[in-house]
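*Asks:* Pasting the sequence and the predicted model now:
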Amino acid sequence: METSKIWTNDAFSGVELLSASYTKFEFSKHWHDELAIGIIEEGAEGLLYRGNNLLVPKKHIVAINPAEVHTGFSGTENGWRYRMFYFDLSALAEQFKTRGLPIDPIINRPVIYDEDLFTVLLNLHLALEHASFALTKESLFTLALEMLFTSYGSAKLEAPNPIDMKSSYEARDFINDNFDSNPSLADLERLSNCSRFQLIKHFNLLFGVTPHQYLLLVKVQKAKLFLAQGMSCVDVSLACGFYDQSHFNRNFKRAFGVSPSNYL
């Protein structure tokens, strides 16, 4: 079965997203004005790129630089299922300008095997498809581009600095006090006076989770407490700032292994 879906998300301008599954379909020769980054979820994609036939298997990342002519076709009998990001170059420049780095949107290899980056890209794509908190989308977006460009592009890793404990604790306390109003990464950035990536990195080193993961942990812990006090699932979902009941159910079960109604 061949399916495809393309969309944008209001959280980020200049980023187009595709989720597709193809068996017999073949792309003719074409190029993108954007930087195209994809993740192969199942099967394998064949790729004619710079005169070479390449195979991009499951759990691998495909990177097509702007204006590069290429094709795409099935690399297995059963086809391939994948997700793509198309990053407008101005959107990339905007993301990195706070670091003072010139961004040449060239990725140095078309096929990448990097489990950590694959996971971040997959989680980002899913967050931009389904209901997700602003902090989740912004954090994953920052992490994904930072990891991609520092490992396989033109951006260089910043020299390691001591953990900024003060800013990390301020961010943690702000999340604790405002978990129900869904603080954004921009809120934490202003509060801590750190760059987004520095804040995420230092917070993770100090607490073992990123800010968006911590926000979800606080929400489900509060939800568990409210349920134990006799509040209904609907009231708890609203009180904890979840988007809707399904969003609440999904995250609660992921944390505790049972649905809120079963726990109640």
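*Replies:* Great, that's in hand. Residues are numbered from 1 along each chain as shown.
*Asks:* Would you confirm that residue 186 contacts residue 138?
*Replies:* Yes: with contact defined as C-beta atoms under 8 Å, residue 186 reaches residue 138; the gap is 7.1 Å. In short, each C-beta sits where N, CA and C put it, glycine included.
*Asks:* which of these two has more neighbours?
*Replies:* Each of residue 186 and residue 138 has its neighbours counted (other C-beta atoms under 10 Å); residue 138 has more, 24 against 12.
*Asks:* what is the mean pLDDT for stretch 116-133?
*Replies:* The average pLDDT within stretch 116-133 is 95.
*Asks:* Can you tell me what sits against it?
*Replies:* Contacts with stretch 116-133, where a contact means C-beta atoms under 8 Å, 6 or more residues apart in numbering, come from 7, 9, 11-12, 15, 17, 19, 37, 39, 41, 59-61, 83, 85, 136-137, 140-141, 143-144, 147-148, 151, 182, 212, 215-216, 243-244, 246-247.
*Asks:* And that stretch, what's buried?
*Replies:* Neighbour-count burial for stretch 116-133, counted by 16 or more other C-beta atoms under 10 Å, picks out 117-118, 120-125, 127-128, 132-133.
*Asks:* could you redo those as TSV and give each row secondary structure and distance to residue 263?
*Replies:* Shown next, in TSV, are these (DSSP: H, G, I helix; E, B strand; the rest coil; distance: C-beta to C-beta, whole Å):
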residue	secondary structure	distance to residue 263
117	helix	35
118	helix	33
120	helix	30
121	helix	32
122	helix	28
123	helix	25
124	helix	29
125	helix	30
127	helix	25
128	coil	29
132	coil	23
133	coil	22
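*Asks:* and the longest strand for this structure?
*Replies:* The residue-count maximum for a strand in the chain (DSSP state E) belongs to strand 35-49.
*Asks:* hang on, residue 11 in a strand?
*Replies:* No: counting by DSSP: H, G, I helix; E, B strand; the rest coil, residue 11 falls outside a strand, being coil.
*Asks:* List the residues that contact it.
*Replies:* If a contact means C-beta under 8 Å, 6+ apart, then residue 11 has 128, 134, 137-138, 141 as its contacts.
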